[in-house]
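have a look; sequence and predicted model below, questions after that.
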Amino acid sequence: MRHKKILKNKLFLYLTEFFSGMSVMAVELGASRLLAPYFSSSQIVWTIIIGTIMIAMALGNIYGGRKADKDKDPGKLYGRVLIAALWIALIPVVGKYIILGISAILVFTVNSNFLVIAAFAACMIVFVYPLFLLGTVTPSLAKYTTDSLEDNGRIIGTLGAFNTVGSIIGTFAPTFITIPAVGTSVTFLIFAGILVALCVCYFLSPDEAEGKTQKKNLSKVIVGILIFAICCVFGHSTSFAFWENGLTYEGESVYNYLQVKETPNSVILSTNVLFGVQSVLVKEGALTGMYYDYAMAAPYMCGVKDKAENGEDVDVLILGMGSGTYATQLSRYFDNVNVTGVEIDDKITDLAHKYFELPDTTSVTTYDGRAYLAAVSDQYDVIMVDAYQDITIPFQMSSVEFFSLVKEHLAPGGIMVVNMNMYSDETQSGSQEATINTYLADTISSVFKNVVVVDVPGATNKELFATESDEFLTNLKSNAAKEQNEKLAAMMERALLTATEYEAGENIMTDDKAPVELLGMKQIDSIIKDEVQYYKEIYRSQGIEGLINSL
């Protein structure tokens, strides 16, 4: 067996451990960002990512240990690392196509738990193999670096320390540096490049005996660099919605994938490729026709017109400001409304000012909604809760404790309005199992005296209004009658007619137990099932050709 001169100093082996540990964590975090635009970044998706990666690492440890016992040639290890590096570099090139291909197949073959199964299948196909190969590093290096039993404890401990420090850097660097700065795709390429460089150093190092590099090693280097260069050319694009043309903006923040699309009549913000619209601005000051309009019933419920006649203002707090659609709507239709917004993602706030006509004078605090309430003592006439983590509700903003905190910050006669997304009447009536919106409404009803739900036509949303006031519907009727904008007045009349008193159950969420991820996934599965049923019928009756023609 030939020995490389570079291995005379064990520091190179320690650096191999360091960079492999760093790359494993970077790929894990990159995996969450690659999957999030398609499957969300919920705790369930994170569980799938961590679980599959742990499986890959465990199998890699076993395989690497056995290979090291049978063959002490370090070149075999660096060959595996090079393959892992090139696989990681290929992820930005083909990963999103694989994910959508898996989703397209499963959506027609799976009847339940679509998101869970699709996310698991994507992780297994895209990420398991390269991390399995990186899992062989530690046991192999333990074999190569140990000279005797007298120092093996120290050496193994040093390897573990290098791996841990590398993993720490691989955890923080993507989240706070590379992903916000250059995006997920380039992040994969950066860490793949580090591994490629490590392998190049090894294979180009001359042998101790011959004093030169073998031709076969030189060939590996040339092929590896060539494939990596091709990946850099074709994989640097940050586009997750690659089928979309003419996007106004597409990028990433610490928290979200962000997409802004402009149509002749509107500007739309999405934080998820496959599911829904997060914010919309209708040009020329028109109503959106979405839940933001119906949420404007809240100011009427607390007497916005009466207060205007008395020279009083209405103070509104928006938790989950997004691009400021609700704030913009309020400023367009009311002269006596003061809006304070809270948005955890400052990049969304920047987009709101740039593309969604959010006035610079609107106060927006970059903070978590619940933490903001805990930090201030102000009271508000209206508090809107519209905080979503991709397509699910953050658990800390769905509990009894949270809604009790909201109640404390409402002025006398104040109204809380909550956007309940992913609402499906058919699912709720056709199943005995409580949905996420049932849990949410039951929890709110345990805190507030009066709770009503208003339909939003043509959407998977409902608006829930909660208050301690007994006069809120009377106020809605009398104040809406004073509205001079005919379309808005008609919309408020529809809101009043469809406002239904909620009959509370016993499905209560607390800080200790709020299974919002599981409930949200079930609701999404139900909506997906309803949406694709039409295409499934075409596929069953006309086959793939009929399906293609219908799209």
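Structure's in. What do you need? All figures in this text were calculated on a predicted structure; none of them were measured in a lab. Residues are numbered from 1 along each chain as shown.

residues near residue 486, how many?
Number of residues near residue 486 (other Cβ atoms under 10 Å) recorded here: 8. In this view, the C-beta of every residue, glycine as well, is placed from N, C-alpha and C.

where are the low-confidence patches of the stretch 351-500 of the chain?
Residues of the stretch 351-500 of the chain that meet the criterion pLDDT under 70 lie in 389-391, 422-432, 459-460.

pull the longest strand from this structure.
Criterion DSSP state E: the longest strand present in the chain is strand 410-420.

residue 127 contacts residue 32, correct?
No. Proximity of residue 127 to residue 32 does not meet the contact threshold set by Cβ atoms under 8 Å, at 10.5 Å.

now residue 517: which helix or strand?
helix 516-550 (DSSP states H and E).

nope, residue 280 is what I was after
With DSSP H and E as criterion, residue 280 is part of strand 279-282.

next one: residue 119
If you go by DSSP H and E, residue 119 is part of helix 114-126.

so which elements touch the next helix or strand after that helix?
Downstream of helix 114-126, the first helix or strand assigned by DSSP H and E is helix 128-134. Packing contacts for helix 128-134, counted by 3 or more Cβ pairs under 8 Å, 6 or more residues apart in numbering; DSSP states H and E, involve helix 11-39, helix 43-70, helix 74-107.

which outside residues touch the following helix or strand past helix 128-134?
Scanning forward in sequence from helix 128-134 by DSSP H and E, the next helix or strand is helix 137-145. Outside of helix 137-145, the residues within contact range by Cβ atoms under 8 Å, 6 or more residues apart in numbering are 7, 10, 13-14, 16-17, 20, 60-61, 64-65, 67-69, 72, 74, 77, 81, 152, 155-156, 159, 163.

mind checking which of those residues are buried?
By neighbour count, with 16 or more other Cβ atoms under 10 Å, the contacts of helix 137-145 hold 7, 13-14, 16-17, 20, 60-61, 64-65, 67-68, 74, 77, 81, 155, 159, 163 as buried.

low-confidence ranges in the stretch 201-350 of the chain?
Judged by pLDDT under 70, the stretches of the stretch 201-350 of the chain that qualify are 208-213, 237-238, 242-243, 273-276.

so which residues of it form strands?
Assigned by DSSP state E, counting those that start in this stretch, the stretch 201-350 of the chain shows strands spanning 249-252, 257-262, 266-270, 279-282, 314-319, 337-342.

now those strands in TSV, with distance to residue 106 and mean neighbour count?
Formatted as TSV, these follow (distance: least, Cβ to Cβ, whole Å; neighbours: other Cβ atoms under 10 Å):
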stretch	distance to residue 106	mean neighbour count
strand 249-252	25	18
strand 257-262	21	21
strand 266-270	22	21
strand 279-282	29	24
strand 314-319	35	25
strand 337-342	37	22
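
make JSON lines out of those strands and add distance to residue 505.
JSON lines is the format used below for those (distance: least, Cβ to Cβ, whole Å):
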{"stretch": "strand 249-252", "distance to residue 505": "40"}
{"stretch": "strand 257-262", "distance to residue 505": "35"}
{"stretch": "strand 266-270", "distance to residue 505": "33"}
{"stretch": "strand 279-282", "distance to residue 505": "31"}
{"stretch": "strand 314-319", "distance to residue 505": "25"}
{"stretch": "strand 337-342", "distance to residue 505": "30"}
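
hang on, the earlier thing: who's more crowded, residue 127 and residue 32?
More neighbours surround residue 127 than the other of residue 127 and residue 32, with 24 against 19 (other Cβ under 10 Å).

which residues sit in contact with the more buried one?
With contact set as Cβ under 8 Å, 6+ apart, residue 127 has these partners: 27, 31, 49, 52-53, 56, 91.

list the buried residues of the helix or strand containing residue 179.
Assigned by DSSP H and E, residue 179 belongs to helix 179-182. Buried residues in helix 179-182, defined by neighbour count with 16+ other Cβ under 10 Å: 179-180.

run through who's touching it.
With Cβ under 8 Å, 6+ apart as the test, helix 179-182 has contacts from 29-30, 33, 187, 190, 252-254.

give the buried residues for stretch 316-334.
So, applying 16+ other Cβ under 10 Å, buried residues of stretch 316-334: 316-331, 333-334.

can you give me the distance of residue 478 to residue 304?
Separation of residue 478 from residue 304 (Cβ to Cβ, to the nearest Å) stands at 11 Å.

looking at those two, which has the bigger crowd around it?
Legend: neighbour count by other Cβ under 10 Å for residue 478 and residue 304, higher for residue 304 (28 against 14).

just confirm that one contacts residue 480, I think it does.
No. Using Cβ under 8 Å, residue 304 is not in contact with residue 480; the gap is 9.8 Å.

orientation of the host helix or strand of residue 189 relative to helix 74-107 in degrees?
For residue 189, the element it lies in under DSSP H and E is helix 184-204. Interaxial angle of helix 184-204 relative to helix 74-107 (axes from the mean of the first three to the mean of the last three Cα atoms, to 10 degrees): 160 degrees.
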